[in-house]
Each structure stands twice: as C-alpha cells, then as structure tokens.
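Asker: what follows is a predicted structure for the sequence shown.
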Amino acid sequence: MIHFHDEVHRQKVVHCLQKENRIYPDGRADSYYLPALYLLLSTKNDLYKKTSRYIDRDGIDFEKMLSNQDFPSGERKLIKLAANLFNGSMEVSPSELIDTLDEENFTLALQAIFLKRTSCHVQELLPAAKEVPEPESQARMMQIN
C-alpha cells in the first residue's frame, strides 16, 4: 500500500500524472515523474503550493524552484531527493535525510525511493475500493433482516 500524507496529496499526484500525460497505455505511472511528484506535491506544510508551478510536460525546473523560493531545510532536502530520483541532477545523502527529516517527511522520502525502484500501476495510487458483497450474500442478508 502506498502511503500518502492525506487524500488531497493522493489526488494531486494522480491528477498531475494525468495532466502531464505521464501514465502509459498499460496503466503504469512514469517512474521518473511519479517519485518526484509524490514528494513535490506533498500537502504536509503545503509544499505543493510552492512547487507545482515548476512542473510541466517539459520537465520539472528544480534549479528555478530552489532559487526562487525559500524552503526550510527539510523541504529543501526533499526537493533535492525529488531531483535526484527524477534525473540525478541534485545530490542528497541518506545521512542528511536520516539526521534532519521529521518522521512524516522521512516516511515520504522512503516511499518516493520505493516508488522509483518499483514504479507502479495507476490503480495502486487510487484509494482501495470497498468490497461489494456478492449478489447471493446480499440476498441472504435481506432474508436475515
């Protein structure tokens, strides 16, 4: 199961993948965009409000993002990790992530690394569907009531 900060975070990632045409015909999400978007569109501390304008079909402008915005050190490290997972353009060490990120941001970092390694089908990004009882069991339930 993929961990999102909240439902809005999930929706923003899926919407951006769709908008930027980063879901392949077989339903798999782009393995470069997905981990980067997952980090950049986080709703924790409203990070997405500072980062979303630097994302488009042509790529993600990490340099401009970091030079035009002021970010706390934890968010700056997440952005560098997003850049590294996207195209290897920036460096951030595991020690930096371990020593400086709070628990929630560290969880986001680990999930992004996992997404890069495994990629995933867009269905895995959607909320789990509630199980619908089989018609036969629905009929039995009506008889019991």
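Answerer: Received it, and whenever you're ready, just let me know what you need. Note that the structure is a prediction, hence the values are computed from the model and not measured. Numbers count the residues shown, from 1 in each chain.
Asker: what about the helices in this protein?
Answerer: In the chain, the segments counted as helices under DSSP state H are 7-19, 33-40, 47-51, 62-68, 73-87, 94-100, 103-118, 135-144.
Asker: averaged over its residues, which helix or strand of this protein has the lowest pLDDT?
Answerer: Least confident element among the helices and strands of the chain, by mean pLDDT, DSSP states H and E: helix 135-144 (a mean of 46).
Asker: got a list of what the most centrally placed residue in the chain touches?
Answerer: The geometric centre of the chain, computed from its C-alpha atoms, lies nearest to Tyr38 (C-alpha atoms, centre = their mean), at 1.8 Å. Going by C-beta atoms under 8 Å, 6 or more residues apart in numbering, Tyr38 touches 13, 108, 111-112, 115. C-beta coordinates here come from the backbone N, C-alpha and C atoms, glycine included.
Asker: pLDDT score assigned to it?
Answerer: Turning to Tyr38, the model gives it a pLDDT of 98.
Asker: could you measure it against Arg22, distance?
Answerer: Distance, Tyr38 to Arg22, by C-beta to C-beta, to the nearest Å: 12 Å.
Asker: ditto for Ala83
Answerer: Distance from Ala83 to Arg22, by C-beta to C-beta: 16 Å.
Asker: which one's more surrounded, those two?
Answerer: Between Ala83 and Arg22, counting by other C-beta atoms under 10 Å, Ala83 is the more crowded of the two (23 against 18).
Asker: against Tyr48, how distant is that one?
Answerer: Relative to Tyr48, and taking C-beta to C-beta, Ala83 is found at 16 Å.
Asker: just to revisit the earlier point, nearest to Leu126, out of the helices of the chain?
Answerer: Of all the helices of the chain, helix 7-19 sits nearest to Leu126, with 7.0 Å by C-beta to C-beta.
Asker: that closest one vs helix 33-40, what angle?
Answerer: Computed with axes from the mean of the first three to the mean of the last three C-alpha atoms, to 10 degrees, the direction of helix 7-19 lies at 140 degrees from that of helix 33-40.
Asker: tell me what helix 7-19 is packed against?
Answerer: Counting contacts by 3 or more C-beta pairs under 8 Å, 6 or more residues apart in numbering; DSSP states H and E, helix 7-19 is packed against helix 33-40.
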